[in-house]
Structure formats: C-alpha cells, structure tokens
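**Student:** below are the sequence and a predicted model for it; my questions follow.
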Amino acid sequence: MGHTLLHPIKQGGVVLAAGGTGGHIFPAEALAEHLVRAGQSVSLITDQRFAQYHGHFPSVNVYMIRAGGLKAGLLNKIKAVMDVGIGVLQALLILRQLKPKVVVGFGGYPSFPTMYAASLLGIHTVIHEQNAVLGRANRILARKVDVIATSFEKVGLVPAPDQSKIIFTGNPVRSGVRALHEVPYPMLDADGVMRILVLGGSQGASIFSQIMPAAMAALPKNLRDRVRIDQQCRKDDVEATRAAYEALNMHVDIASFFTDIPARLAAAHLVISRSGASTVSELTVAGRPSILVPLPSSADNHQTANALAVDSAGGAWLMPQAGFTAAAVSARIESFLHLPESLANAARAAMSVGSLQATETLAKLVQQLSQGQSPFSKI
C-alpha cells in the first residue's frame, strides 16, 4: 500500500476511487479539480497503474491499494480474489483514518475494494458509470450504493431493483477539453487542408496503424496532399507507421502519447478513435465530428453502445472494426474532402449531445449527500 501524501490529512472530505484506465481516471480528475477549487478536501484511492495515465490531481492526497481484475486461468482468478480482499482491508484502514462524508467510485476493478469498504462502514456512496452500459464492477456494487450517476440518459444492464438509484449527470471532462466548447469548429474550405486526429485510447490501437496509411495510399494524390494527420500509436508501432506515411510523402505527427490533446482536438476537422467513454464525452463537449471504431472485445460491447449514442444523433460515424478497411476509410475521407459541410453538420450534432455541466451536476450531487440531503431532489 503506497501513499503520496503531499498535503495535510483532513477528515470529513470526499474520497474518489478510480484507476485502471484513463477512462476512469479523467472524470475523477475533473471532479477533483472542481471540488478542490470549491474548498473541499479530496483524496484519491487508486491502484499501481495510476501513474501510466498521466492523471493530474493537484492538492489531492493519493493512496494506492491492491486491486484484482478478471484474467483467464484458475490461478489468476484465485490471485484476483486475494488481491481484492487485501484491497478491501487496505481501503478500510484508509477510510477509517479519513472519515469521509462521501466516497465516489468511477468504475473498473480498482475502484471495487474502496467502494465495498465504504459500504461496510456506512459511508454515503456514489458510483459514476462512464459508459452506456453499466460495468461489471458497478453492477456488483449497485445494490450497496446510494446513487448510480450516469453519463448517458439511457444505460443498459442496470439491475431492476437499482433503477430507482439512477441520476443522469453526464460524464465530467478535463478543463482543457471543456474549454474547447467555446472554440469554434475550424471550417474546412473546399480546397483547404484537412486535419485528422487519430487516437487509440489509453494504450493506442494497432488497427489504426495498419489501416490509416493504407487508406491514405488509396486516396488520389491531389486529395492526399490536402490531408495532415496527428496519430497516437502503440509504442511498438510508431516507427513502422511513420515510415508508411513517409513513403507517401505525407506530413504527419506520430507519437505513442500526446500531452496536448486539447490543442490538437481544437485544430482537428475529424477525429478517428475508439469509442471509450471519456473520448466520446470529450468529442461531444468539444463538438468535433468523428469516425468511431468500437473495440470489439470491450466488456458487454459497451464501446458500441457509446458510439451509437453519438452516431444516432448525427455527430459521428460508427464503423465496426470488421468494416474499418482501407477502402472504406479512404472513401469516407474522400467524401468529406468533397463535401466539407457534412463535417460541420456533424460537429454541431456532436455538441448538441455533450454534457457541458456534468462536473457541476456530479459535484452538486456529492455536496447534497455530504450535507445529508436527498440527492433525488432536483439537482
């Protein structure tokens, strides 16, 4: 159990439980930033993978506990159960020290021990679900918590007895991305340069490294010369992807991780990405059109549900991975270059379904619970 205690310990505040992926960390970061700015004492309980996801939690003490995830094999499952048990005991010790008024979990197995421990101690609890389908850990916890906050108005796989606990808040996004709501979409001129931002989620996606250079090769040269690409790749794919584009004499920026996503998103005419919850939320708040390629192996196919929510509103084009071919992508990009107004229309549609006030809404819910008020009154 590791601690990063850079600030005095204050009892009676709010504890956030998040970890595992950026999709769980980033909304926790947005809420923490808001609560700290409002003078609230905030602590984060996470797991050892926290440092990989570049989370930024100023004025927040960070505690790391053991957490288990589902992996194939009997020994792995036994180890996961033991890790969860140890994590619950660690979380109990931390929560007894902090005595928080509210504990907020952001899903994923790293949040489970803390949320379970909080329920054992009778602390007010909220789970926030980022996806359009309630995750496995949150389904287990649903019976034990006070509130289920959701990012989408319609969320699947919520147990029937727990439907009454649902409050739609939206998904908090980082302040740098939220500021893009005020940045106009960069209209693409009929003969202008089209900027494409390719993201693969927290760990990149090899499918984009395979398909995107081939899609560009299939474009007529006069159209290919009008495309600029910023692409996030897996570390092992960076050099091969860069070489594939260089063979086409294309202007590209390839990296395993971009630290300036808001700036790149602001300049993008189109985003091509997986459809993880944080990515979808950031695209809709920023108002940027996208081609969304759900991860086929995502639990309960939640990435498809996320993408459908934006696709049905006209703010994105859902392309299943099986249909994400060089020919299909090339044809789609060619159509955008000929009809740039289709991108502008999608940008407006994406913004129409963005939850700009999600952070404030979730923070108000937490405040109500901390003051002993019913969160089911009008937020």
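**Tutor:** Good, I have the coordinates. Residues are numbered from 1 along each chain as shown.
**Student:** and the helix or strand where residue 104 lies, what does it pack against?
**Tutor:** In the assignment (DSSP states H and E), residue 104 maps to strand 102-105. Where contact means 3 or more C-beta pairs under 8 Å, 6 or more residues apart in numbering; DSSP states H and E, strand 102-105 is packed against strand 14-17, helix 112-120, strand 124-129, helix 358-370. Where C-beta positions appear, they are placed from N, C-alpha and C, glycine not excepted.
**Student:** please write out the alpha-carbon positions of the shortest one in CSV.
**Tutor:** Presented in CSV, the C-alpha positions along strand 14-17 are these (Å, rounded to 0.1, in the frame of the first residue of the first chain):
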residue,chain,number,x,y,z
VAL,A,14,-14.6,13.4,-0.2
VAL,A,15,-12.8,10.3,-1.4
LEU,A,16,-12.6,9.3,-5.0
ALA,A,17,-11.9,5.7,-6.1
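**Student:** deepest of the helices and strands packed on strand 102-105, which one?
**Tutor:** Compared across the helices and strands packed on strand 102-105, strand 14-17 shows the largest average neighbour count, a mean of 30 (mean count of other C-beta atoms under 10 Å).
**Student:** contacting residues around the strand holding residue 104?
**Tutor:** Counting by C-beta atoms under 8 Å, 6 or more residues apart in numbering, strand 102-105 makes contact with 14-18, 28, 31, 95, 111-112, 114-115, 118, 123-128, 138, 141, 145, 362, 366, 369-370, all of which sit outside it.
**Student:** so for residue 170, which of the helices and strands packed on strand 102-105 sits nearest?
**Tutor:** For these, distance to residue 170 was read as C-beta to C-beta. The smallest value, 3.0 Å, belongs to helix 358-370.
**Student:** ok and the closest one relative to strand 124-129, angle-wise?
**Tutor:** Interaxial angle of helix 358-370 relative to strand 124-129 (axes from the mean of the first three to the mean of the last three C-alpha atoms, to 10 degrees): 160 degrees.
**Student:** make CSV from the helices and strands packed on strand 102-105 and add mean pLDDT and distance to residue 87 to it.
**Tutor:** Rendered in CSV, the data for the helices and strands packed on strand 102-105 read as follows (pLDDT from 0 to 100; distance: least, C-beta to C-beta, whole Å):
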stretch, mean pLDDT, distance to residue 87
strand 14-17, 97, 10
helix 112-120, 97, 3
strand 124-129, 97, 16
helix 358-370, 96, 23
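**Student:** mind putting those into CSV with distance to residue 338?
**Tutor:** Below are these laid out as CSV (distance: least, C-beta to C-beta, whole Å):
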stretch, distance to residue 338
strand 14-17, 47
helix 112-120, 49
strand 124-129, 40
helix 358-370, 36
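**Student:** would you list every one of the strands in this structure?
**Tutor:** Using DSSP state E, the strands assigned to the chain run over residues 2-4, 14-17, 42-46, 61-64, 102-105, 124-129, 147-150, 166-168, 194-199, 227-232, 252-255, 270-273, 290-292, 316-318.
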